[in-house]
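S.K.: with the sequence up front, the predicted model follows.
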Amino acid sequence: MAKIGLFYGSTTGKTADVAEQIQAALGGESAVELHDIADCSETDLDDYDCLIIGCPTWDIGQLQGDWEGIFPDLDNLDFSGKQVAYFGTGDQIGYADNFLDAVGILEEKISSLGGQTVGYWPTDGYDFSESRAIRDGKFCGLALDEDNQDEQTEARIQAWTAQLKTALGL
């Protein structure tokens, strides 16, 4: 089985809670190792065959602070051969013009460094204007809105992780 690391940044705790739910849905600690990016260096990502990256979008389409700090250092890594899945939390109503932009920013950088994106997610059921996380009509990762659609989070996580289990060979 591939070694999977889930790295997340969280300021309010929402993305951390989602990260724990994703870890549990994928089989728990024995299947996925959980890391708060605030406690990591970029080289920690090198320890895994597959990565799951979680980041909320902050302010007007920006990375969460801990991801912003490590973002330039990602250029030092080669993600070739790594499958990478993304998830993010955001507010599609209050920030409709940049919903989930942070996921798009991370996916763009990691893909340019050789990472293979898995876990695309449909845009159906969301109400936003623009997003840097759209690739060929889908989000490049799981989109969650804990502010306006928190009642859908559990079902979305279950559906997305079922898809990831196939993609990551779990």
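M.R.: In hand now; what should we look at?
S.K.: only C-alpha atoms for contact and neighbour calcs from this point on.
M.R.: OK.
S.K.: low pLDDT regions in the protein?
M.R.: Applying pLDDT under 70 to the chain flags residues 1-2.
S.K.: the helices in the protein, which residues?
M.R.: Using DSSP state H, the helices of the chain run over 14-25, 65-70, 101-112, 153-167.
S.K.: tell me which of these sits most buried.
M.R.: helix 101-112 (a mean of 22; mean count of other CA atoms under 10 Å).
S.K.: which neighbouring elements make contact with that helix?
M.R.: Contacting helix 101-112 under the criterion 3 or more CA pairs under 8 Å, 6 or more residues apart in numbering; DSSP states H and E are the following elements: strand 57-58, strand 62-63, strand 83-89.
S.K.: quick check: angle from it to strand 83-89?
M.R.: Taking axes from the mean of the first three to the mean of the last three CA atoms, to 10 degrees, helix 101-112 and strand 83-89 form an angle of 170 degrees between their directions.
S.K.: now helix 101-112, how far from the chain's geometric center?
M.R.: With CA atoms, centre = their mean, to the nearest Å as the basis, helix 101-112 stands 10 Å off its chain's centre.
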